[in-house]
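1. sequence first, predicted coordinates after that:
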Amino acid sequence: MSRAARRRAWRLGHWAEAICVGDLSLRGYRVLARRVRYPVGEIDIVARRGGTLAVIEVKARRDVAEAAEAISPRQRRRIARAAEWLIAERPALGGLAVRFDVMLVAPWRRPRHIPSAWRHESR
């Protein structure tokens, strides 16, 4: 991937995350963090609603179906490991139910939020 293509993808990712943060806020979620990075992985959005901590992966593509196919099992494992680091770092979040969500973003459409998109069994 060329440098210009990486830059476009990075900008698209930031734009998609901003759209998703707005959508989540309108639906009663409190966004706790964005682009959380750990050596084991990255979390796009961390949000809370009630007693649930939502670890959210944002995917932006030309259409929603293409975005849905873009999350690999390896990426899911990396996100889950990053969530474990997040909870270890912030003990106050430890008592919340953790859920792995996906938000799919396509041009000219409202983001599609898929709660509990996958499960992760910790070791």
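-> Received, thanks.
2. can we go C-alpha only for contacts and neighbour counts from here?
-> Fine.
3. now the lowest-mean-pLDDT helix or strand in the chain, how far from the chain's geometric center?
-> Lowest by mean pLDDT, DSSP states H and E among the helices and strands of the chain is helix 64-68, with a mean of 78. Computed by CA atoms, centre = their mean, to the nearest Å, the chain-centroid distance of helix 64-68 equals 15 Å.
4. how about the longest helix out of those in the chain: buried residues?
-> Using DSSP state H, we find that the single longest helix of the chain is helix 3-26. Using 16 or more other CA atoms under 10 Å as the test for burial, helix 3-26 gives 12-14, 16-17, 20-21, 23-24.
5. which one of those is nearest to S2?
-> L12 (15.3 Å; CA to CA).
6. what's that closest one in contact with, if anything?
-> A60 (CA atoms under 8 Å, 6 or more residues apart in numbering).
7. how near is it to V105?
-> 10 Å (CA to CA, to the nearest Å).
8. try A47
-> 17 Å.
9. re the thing from before, overlap in contacts of L12 and V105?
-> With CA under 8 Å, 6+ apart, L12 and V105 have common neighbours A60.
10. check contacts around I56.
-> Per CA under 8 Å, 6+ apart, neighbours of I56: 43-47, 100-103.
11. rerun at 6 Å
-> 45, 100-102 (CA atoms under 6 Å, 6 or more residues apart in numbering).
12. the helix or strand where it lies pairs with which strands, parallel or anti?
-> Following DSSP states H and E, one finds I56 within strand 52-60. As defined by DSSP bridges, the strand partners of strand 52-60 come to strand 41-49 (antiparallel), strand 97-105 (parallel).
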